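Chemist: Sequence first, then the predicted structure:
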Amino acid sequence: MLRSYGPALVQEAQKAISYGQPLVEDWLQKYMFSERPVSGSLANSVSKHFGGRHHGSHGKRIDRNEARQQHLEIVDLEDNQEFQEEVLTLYHLSTITFEQTSVAKSVFSSNERFWMKNFQTGSVVKSPKNVA
């Protein structure tokens, strides 16, 4: 299968992995694992697990059991019905947006600002500046 792709694609993929894993490791160590005594080795192990051959893809689902086995801090949505409803609403609205429009990427902030990129035209829609 790789024969159909040029060597540059494989090299770019390898660069992305070698760039991404140290970033993830650093973020885990600084934030999620900052209170743990073995934060460095734990962050290294988790970044290799999810960024290496074992996991293999951004598209592969990570369930809460696998995440917990990797010592990630997991909160079950079912424990907070109001939060679960908000997350599911956002998920469904996002799914509808991506399936029914030509939006390719969206970013929303906690202060009600947003940015969406149109896949077909490359145009960008931004929230008005006067939105709080």
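Modeler: In hand now; what should we look at?
Chemist: List the residues that contact Lys60.
Modeler: For Lys60, no residue meets the contact criterion (CB atoms under 8 Å, 6 or more residues apart in numbering). C-betas here are computed from N, CA, C, even on glycine.
Chemist: pretty sure it belongs to a strand, no?
Modeler: No - going by DSSP: H, G, I helix; E, B strand; the rest coil, the assignment for Lys60 is coil, not a strand.
Chemist: In this structure Phe114 contacts Val124, no?
Modeler: No - using CB atoms under 8 Å, Phe114 makes no contact with Val124, being 10.6 Å away.
Chemist: And the residue positioned nearest the centre of the chain, how close does it get to Ala16?
Modeler: The centroid of the chain falls nearest to His58 when counting by CA atoms, centre = their mean (8.0 Å). The gap separating His58 from Ala16 is 11 Å, by CB to CB, to the nearest Å.
Chemist: What of His71?
Modeler: 25 Å.
Chemist: which residues are contacting the one helix or strand Glu86 maps to?
Modeler: Taking DSSP states H and E as the criterion, Glu86 maps to helix 81-100. Outside helix 81-100, the residues that touch it by CB under 8 Å, 6+ apart are Leu77, Glu78, Val103, Ala104, Ser106.
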